[in-house]
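> Next come a sequence and a model predicted from it.
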Amino acid sequence: MFIRMIPEIGHFALVIAMLMAAVQGVMPLAGAALRRPLWMAYARPMVAGQFLFVAIAYLCLTASYLLDDFSVANVANNSNSMLPWYYKFSAVWGNHEGSVLLWSLMLAGWSYMAARFSRELPRDMVARVVGVLGLVAVGFLAFVLVTSNPFERLLPNMPSDGADLNPLLQDIGLILHPPMLYMGYVGFSVVFAFAIAALLGGRLDAAWTRWARPWTNLAWAFLTVGIALGSWWAYYELGWGGWWFWDPVENASLLPWLTGTALMHSLAVTEKRGSFKSWTVLLAIFTFSLSLLGTFLVRSGVLTSVHAFANDPSRGFFILILLGITVGLSLLIFALRAPRVSQRTGFNWLSRDALLLINNILLVIMTVTVLMGTVYPLLLDALDLGKISVGPPYFNALFVPLTVIMCVFMGLGPTARWKQTDPRMLAKRLWLAGVAALVIAAIMPFVIGGEWNAWVALGLVAAMWIVLPTLRDLYDKTRHAESFGAGLRKLSLAYWGMQLGHLGMAVTIIGVAVVSNFEIERNVRMSPGDSVEVAGYTFTMNELTSRRGPNYIADGAEIEVRRGDSRRSFTMTPEKRVYIARGMPMSQVALRPGLFRDLYVAMGEDLGDNSWAMRVQYKPFVRWLWLGALLMAIGGVLAVIDRRYRRLATARDPEGKTRESAVREATA
Amino acid sequence: MAVIRWMLAVTLWLLLAGLAQGAAIEVREFDDPVLEKRYHSLTASMRCPTCQNQAINDSDAPVSGDMRDRVYQLLHDGRSDMEIRDHMVQRFGDYILYNPRLEGRTYLLWGLPAVLVVLGGILVMLMVRARRNASSRALSEHERQRLEILINRGDGQ
Amino acid sequence: MTRRLLLSLPLLGFLMLMLFLYLGLGLNPFHRESRLVEEARAFPAFDLTTLEDPERRVDETLIQGDVTLVNVWGEWCPECKREMPQLLDLADRGVRLVGVNWKDTRDKALGFLEEFGDPFEVNIFDPEGELAFELGVYGAPESFLVDGNGIIRYHHTGYISPSDLREHILPEVQKWQ
């Protein structure tokens, strides 16, 4: 009996959570505006309550999945009694309704953390931050309750079993990818709230940038991992070895990543030099807005994408309203409240300030390019100018040169000084790195791919131009210490974070350049006994197999792989599965990963006579793509845990202190 | 009415299609590796007209298969890449080109990034020029904080 | 003042984007216009047999003379079954219909016509999809309205519903009569 009630408890908890979010949104903001400490004091308890009740709702939905309660429409459509428990667990967010609930849960979680770790902030600042987050939460919880209720029931005619989870989602990559991505998207809501709070409070000082920086880095790190996981999943699950498609949904995740990257750098300038304040605030608003825009694009059905959710336009309309109110209001606040006077901090041509300015401009151009390419077909269609498509060739043609220009400045950045850099010093430190980068780029294509390739060389120059100055900088910074180790230990975590972030970018660039130009693909007809040679590896089909899995049946092949004349060999076993509940065929590729190359075998169609169409691929350096992303994310996290930041964040600025004490007097 | 109807149709269609795995693994014989390369790049740059967003080399839809056959055949007839693309556009429209052609309606698409790069360059020049002599003397940390408070107070109230 | 205007630019840009997104919600992303209609092209040349008589060869002159609705269908296509009543209605009203039987076998196709009715004057048998490819067909059913001079004037993708018949097909037939 109790089990039957679980969905209703969840539904009810969601309603309570929304009411609490409404109080969390209204009271503290009003309190901060009218200087009513008691009203502001609603912030913390309400955010804790909201988090608790969204969590209860989420647990109830998860319980319905684990207990196979097919009276819940969401469970019936996306689960099956044969599904292994861990996929039931992850199936919760493998569909539209559940994923919006997860979004809301994470928003509540981030809000709670923001309130929890801001004890040292002025009370009105906390009240405003929590209030803004509360208003965003109201919007999302309303969206869940009104258009996408996951607790909708199929009573009294409940199905005896569920329709099963889409087999493509029955995979570790898809268990991890959406939560990471949403953590990133939603994480930017905290920075956004800080920005709006700073605008409302009229306190665009260096203090808010110090508070905002760790949150930005953390959200950015999650988003980086989320995007990389998505790419990795597409690579091994979609069956043809592609890792980035410039699909609208991927672009939707790239947009906030680009502005988020710009934001991290602009925050650095604002904190260290006090300039670009309005710009930094605007980037914070843009980054979260683009996260919301991504949500709209994915769920409204205005763009056709491979990964689109089963969506309907009424939801699209709701999100559009949500997007319009949230972003419209914040940009209005920005237009009205951004400081009229800007603080002119001087800097010269060759300075870190100028380089970061260029970095920001380039990142914004990239963002506009991706956004333009993504919505352009929609624009033309709306103006009745016909249907066109904008795809990989367009994006690659523009992104590659933009990235190369960016790398030129990225190489200079860490070595340059704030305000002004002596050109002779820069030249002295970097000429060797430049020459070495050119030499390496000239030689390496032969080593890696056995032939000259201008694109690979270009990618290598760009990457080496980032890596070598970093090494030089490490050397310079440690050579005066008593030992190399001691010198390394003296460097701050934030410094390591920056260098790792840049290094990660270089690693990803190498991966992209090499795999795009040196990959080899062969589609062949094979029957037992046949072999094919690809990039020095001999693939021999030993036998065809068939087996039964928990919820699928599979035809498989046993492929023996040998490199050159080596005596050692290994076996790869690609499969072609048919998932029983949906009758959906799926190709399960066999992968032999390696740091310098992946081997990739996929099974195609049964061609009769015991032979199959097989796809054999050689993918050099493909792992570097995701390895680079991982390094970038680690860099972001290192910068967050730098003690210097935590200390700075706790140091109150004079004005905050006076306000805080004024508040304390008022409450006493 | 018409709008609602297609909305329903789209919803149904998406529910049915959902996430699709594309894996059109075909065995094709090429005598000339150059032709094979051109075949791959052509089929990768054309969009399947009926799928959600897949290139014809990545789609199991029957029409993609027909289009690949035609590309293969035209390549062996000695047609150029341009002719093959035109051949397809003549039948299926500009929609199938992942690389939109430069024409009146796409000037903005192709031109904007270039314009932005130029504008960005000008912006950097103007800003650095304005700031190069902005403060001959750097402010101390304390002065900077005081200035900040003054500016914020002046603007925020 | 100018600075405030400058600071409002993001808002203005965003409002424009919102407008387009709103318009986008009302559009059908799966609709495709036909190149052949846009350029008012003549019905493509072909040389195929008919479904009914494997010995009879027909070409594009078959489509000339009267206003003709050319309907691309197949036995394997469930939507084609649903639109048969509308096509029969159209035939009753005296509109000339020619079918293109796409990627099918003769047995199955003839069985289909026996079961669901036959509104077509004649069916062009296109098992390899040659003609359908020339027409830019990417899924069945699709219909093309051809005027008396053999020029393609109107294109309908997907199932023809009774209201499509009233609101689109019949007016177009009238128009090109």
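Arrived safely.
> near chain B, anything from the helix or strand containing A:R472?
Secondary structure assigned from DSSP states H and E places A:R472 in helix A:454-478. No - using C-beta under 8 Å from any C-beta of the partner chain, helix A:454-478 never reaches chain B; the gap is at least 13.7 Å. All C-beta spots, glycine's among them, are computed from the backbone N, C-alpha and C.
> which residues of chain A fall in strands?
Taking DSSP state E, the strands of chain A run over residues A:520-526, A:531-534, A:537-548, A:552-563, A:569-572, A:575-579, A:584-588, A:590-592, A:597-608, A:611-620.
> With chain C instead?
With DSSP E as the criterion, chain C has strands at C:47-49, C:57-59, C:68-73, C:96-102, C:122-126, C:142-146, C:152-157.
> Determine which stretch of the strands of chain A is the most buried.
Burial of these is given as mean neighbour count (mean count of other C-beta atoms under 10 Å in any protein chain shown); strand A:611-620 ranks first at a mean of 22.
> isn't A:Y600 right up against A:M614?
No - with contact defined as C-beta atoms under 8 Å, A:Y600 does not count as touching A:M614 (10.8 Å).
> separation between the spatially most central residue of chain C and C:I152?
Nearest to the geometric centre of chain C sits C:S143, at 2.5 Å (C-alpha atoms, centre = their mean). Distance of C:S143 to C:I152, computed by C-beta to C-beta, to the nearest Å: 11 Å.
> same question, A:R273
65 Å.
> for A:F276, same thing?
58 Å.
> hey, which helix is longest across chain B?
helix B:107-132 (DSSP state H).
> what about residue 81, neighbour count?
Since no chain was named, I'll use chain A. 13 (other C-beta atoms under 10 Å in any protein chain shown).
> I was after chain C.
15.
> Check whether stretch C:8-20 comes into contact with chain B.
No - shown here: stretch C:8-20 not in contact with chain B (C-beta under 8 Å from any C-beta), separated by at least 12.7 Å.
> which residue packs closest to the closest residue to chain B within the stretch 401-550 of chain A, ignoring adjacent ones?
Nearest to chain B, among the residues of the stretch 401-550 of chain A, is A:R525, at 4.6 Å (C-beta to the nearest C-beta). Take A:R525 and drop its neighbours on the chain: the residue closest to it by C-beta to C-beta, 6 or more residues apart in numbering or on different chains is B:V27, 4.6 Å away.
> contacting residues for C:V95?
C:V67, C:L69, C:V173 (C-beta atoms under 8 Å, 6 or more residues apart in numbering or on different chains).
> restrict those residues to those near chain A?
Contacts with chain A are made by none of the contacts of C:V95, judged by C-beta under 8 Å from any C-beta.
> What about the closest residue to A:L402 other than its chain neighbours, how many residues nearby?
Closest residue in space to A:L402, ignoring its immediate chain neighbours: A:M366 at 5.4 Å, by C-beta to C-beta, 6+ apart. A:M366 is flanked by 24 other residues according to other C-beta under 10 Å.
> rewinding a little: hey, what's the residue of the stretch 401-550 of chain A closest to chain B bridged with?
Beta-bridge pairing of A:R525 under DSSP bridges involves A:A613.
> Read off the pLDDT value for it.
Looking at A:R525, its pLDDT reads 90.
> ditto for B:T50
85.
> What of A:K477?
At A:K477, the pLDDT value in this model is 82.
> Of the contacts of C:V95, which is the nearest to C:K81?
Distance to C:K81, by C-beta to C-beta, is smallest for C:L69 among those, at 17.5 Å.
> quick one: contacts for the closest one?
By C-beta under 8 Å, 6+ apart, C:L69 lies in contact with C:L87, C:L90, C:V95, C:R96, C:L97, C:V98, C:S143, C:F144, C:L145, C:V146, C:I169, C:V173.
> Against A:M425, how distant is the third one?
With distances defined as C-beta to C-beta, the gap from C:V95 to A:M425 amounts to 84 Å.
> How about the fifth one?
For C:L97, the distance to A:M425 (C-beta to C-beta) stands at 83 Å.
> Residues of chain C that sit close to chain A?
So chain C meets chain A at C:3-4, C:7-8, C:10-11, C:14-15, C:17-18, C:20-25, C:27, C:29-33 (C-beta under 8 Å from any C-beta).
> Go through the longest helix of chain B and flag the buried ones.
Neighbour-count burial for helix B:107-132, with 16 or more other C-beta atoms under 10 Å in any protein chain shown as criterion, is recorded at B:L109, B:W110, B:L112, B:P113, B:L116, B:V117, B:G120, B:V124, B:M127, B:V128, B:R131.
> Same check on stretch A:159-169?
So stretch A:159-169, judged by 16+ other C-beta under 10 Å, has buried residues A:G162, A:D164, A:L165, A:N166, A:P167, A:L168, A:L169.
> Would you point out the helix or strand in chain C whose mean pLDDT is lowest?
helix C:35-38 (a mean of 84; mean pLDDT, DSSP states H and E).
> Repeat that for chain B.
Per-SSE averages on chain B (mean pLDDT, DSSP H and E): minimum helix B:2-17, a mean of 38.
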